[in-house]
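> Provided below for reference: sequence and predicted model.
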Amino acid sequence: MSKKVSIKDIAKLTNTSITTVSFVLNGKGHISKEISKKILDTAKEIGYEPNRMAIGLRTGVSKVIGLVVENIGGPFFGEMSKVIEAEAEKSGYRIIYCSTDNQVNKGKEAIRMLTQQLVDGYIITPFKGLEEEVLKLIDQGKPVVLVDGYFPGLNISHVLVDNYNSVLKAVNCFIEGGYRNIGFVTSDLDLIQLDERLSGYKSALISNGIKENPALIFKLPYLLDKSEGLKQIKTFINTHPEMDAILFTTNYLGVMGIICVKELGLHIPQDLAFISFDDTEIFSVYPPGITTIQQPVYQIAKYGIDILLSQMKGSTPENAATKLQIASNLIERGSTVAKNES
C-alpha cells in the first residue's frame, strides 16, 4: 500500500517549510505567487488530499455537507442528489450521503455520524421522530434545510412539491374523464407529504360532490416485502370491482400497481384508469402510457442547496426560515383517457 502524501512531502519537494506549504494550501499568509504556484502544482502532481476532519478541527470549516434522505438509490432522491452535489461542488463543497429508509434509529445514527465528521451544514428529508435531533443541530448553530417534507409547527427552512394541489389536480383529471369511484393507494408512513396528498384526494371528491368511501383508501405497510405488497394491492383491487380509477402516491407503489394490473389481466384505462406520483421512464413506455404527477426535482434540489449555502455564508438573517412549496406538472397520457373515448 502506497504511503499517503503529506505536507511534509510537498515541503521537501518544493524546498520550502511546512508552515509555508500549510499557508498556501489553506489560502493564508502572504506568500509570493511563484512559490504558491510551485506548491499547488506539486500538491496536484503527487496527488495530495487534505485531511478534511483535521482542517475542520483547526478552522471550524470542513467544506463538507451532510445529505440525509429516505433512499439514495431511489430515482427521486438519486436525481435530487446529483443536482445537490453538482451545485455544492461549484462552491467547493463535497457531499456525504446517508439513507434512513424512514427509520428513526437509522436517521438519528446518520445525523450523529455526520456531526462527528464536522460537516458544515445539513440537507435532511424529515420524518416524525427526528425533530429533536434536527433542533439540536440548529441550537448548535448548524445550517439545516429540509427537503421533500417539513416538521409542522417548527420554523425550519424547507423545500418540497405542493403535495395537496398536485393530488387535487390529479383527482380532478379522473373526474373530468368520467371516473367517480377513485381508489387511493398510499404508504402507512407518518409523513406530512403523504398526509397532504390524502387531503388533496379528499378535497377533490368533496368539491365535485362525490361522497368519500373510506374502503377505497388503502395504506400499504412500508416495510412489507415486495411479494406480500403485490398480493395485498391485488386483493384491494379485486375486492372493489366498482373502482374505475386508482391513484398511487409514490413511485414505488405506482410500479407495483402496474405489475398488479398486468397480473390481474386488467386493461388500462378500460378497466381501471391509473395515475402515479413521480414520473419515471417506465410510466412513459408502459402501454398506453401512465399519467403521472411529475415532481420538480431539479428545482427542489437547487433551491435546497442554494438556501443552505446562503445560510452557511451568513447571508440569511438569524431565525429567518425560507419555506417553499413548488407546483408539480401533471403529465397526461393514455391511462386517463375519458371513459367515452377509451
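Now that the structure is in, tell me what you want to look at.
> quick one, domains of the chain?
7-50, 60-161+297-326, 163-295+330-336 (automatic domain parsing).
> Please produce CSV containing those domains, extended by mean pLDDT.
CSV is the format used below for these (pLDDT from 0 to 100):
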stretch, mean pLDDT
domain 7-50, 81
domain 60-161+297-326, 91
domain 163-295+330-336, 96
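> As CSV, those with mean neighbour count would be great.
Every C-beta, even on glycine, is put in place using the N, C-alpha and C of the backbone. Output for the domains of the chain, formatted as CSV (neighbours: other CB atoms under 10 Å):
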stretch, mean neighbour count
domain 7-50, 15
domain 60-161+297-326, 18
domain 163-295+330-336, 18
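> all helices for the stretch 201-342 of the chain, in order.
226-239, 251-263, 281-285, 297-312 (DSSP state H, counting those that start in this stretch).
> and Ile217, which of the ones you listed is closest to it?
helix 226-239 (9.8 Å; CB to CB).
> Please name the residues that touch Cys204.
You called it Cys, but residue 204 is Ala. Ala204 makes contacts with 167-168, 171-172, 175, as judged by CB atoms under 8 Å, 6 or more residues apart in numbering.
> Ramachandran angles for the residue nearest to it when sequence neighbours are not counted?
Among residues not flanking Ala204 along the chain, Val171 sits closest, at 3.5 Å (CB to CB, 6 or more residues apart in numbering). Torsion angles at Val171 (phi, psi; degrees, to the nearest 10) stand at phi -70, psi -40.
> pretty sure Val171 contacts Ala273?
No - taking contacts as CB atoms under 8 Å, Val171 lies outside contact range of Ala273: 11.0 Å.
> between the contacts of Ala204, which is nearest Pro75?
Closest to Pro75, out of all of these and judged by CB to CB, is Val167, at 19.4 Å.
> In a strand, that closest one, correct?
No - assessed with DSSP: H, G, I helix; E, B strand; the rest coil, Val167 is helix; it does not lie in a strand.
> any idea how far Phe174 is from it?
11 Å (CB to CB, to the nearest Å).
> what's the overlap in contacts for those two?
With contacts taken as CB under 8 Å, 6+ apart, the residues that reach both Val167 and Phe174 are Leu247.
> mind checking the end-to-end distance for stretch 210-218?
18 Å (CA to CA, to the nearest Å).
> Tell me the secondary structure of Val145, please.
strand.
> Quick one: residues contacting it.
Val145 neighbours (CB under 8 Å, 6+ apart): 121-124, 156-159, 304-305, 307-308, 311.
> with the contacts of Ala204 in mind, which one is nearest to Thr239?
Closest to Thr239, out of all of those and judged by CB to CB, is Val171, at 20.8 Å.
> rewinding a little: for Leu216, which of the helices of the stretch 201-342 of the chain is the nearest?
helix 226-239 (8.9 Å).
> Using CSV, list the CA coordinates for the closest one.
What follows is helix 226-239, C-alpha atoms only, in CSV (Å, rounded to 0.1, in the frame of the first residue of the first chain):
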residue,chain,number,x,y,z
LYS,A,226,-42.5,-6.8,-2.3
SER,A,227,-44.3,-10.1,-2.9
GLU,A,228,-46.6,-9.5,0.0
GLY,A,229,-47.1,-6.0,-1.1
LEU,A,230,-48.2,-7.1,-4.5
LYS,A,231,-50.5,-9.6,-3.0
GLN,A,232,-52.2,-7.0,-0.9
ILE,A,233,-52.6,-4.5,-3.7
LYS,A,234,-54.2,-7.2,-5.9
THR,A,235,-56.5,-8.1,-3.1
PHE,A,236,-57.5,-4.5,-2.7
ILE,A,237,-58.3,-4.1,-6.4
ASN,A,238,-60.2,-7.4,-6.6
THR,A,239,-62.2,-6.5,-3.5
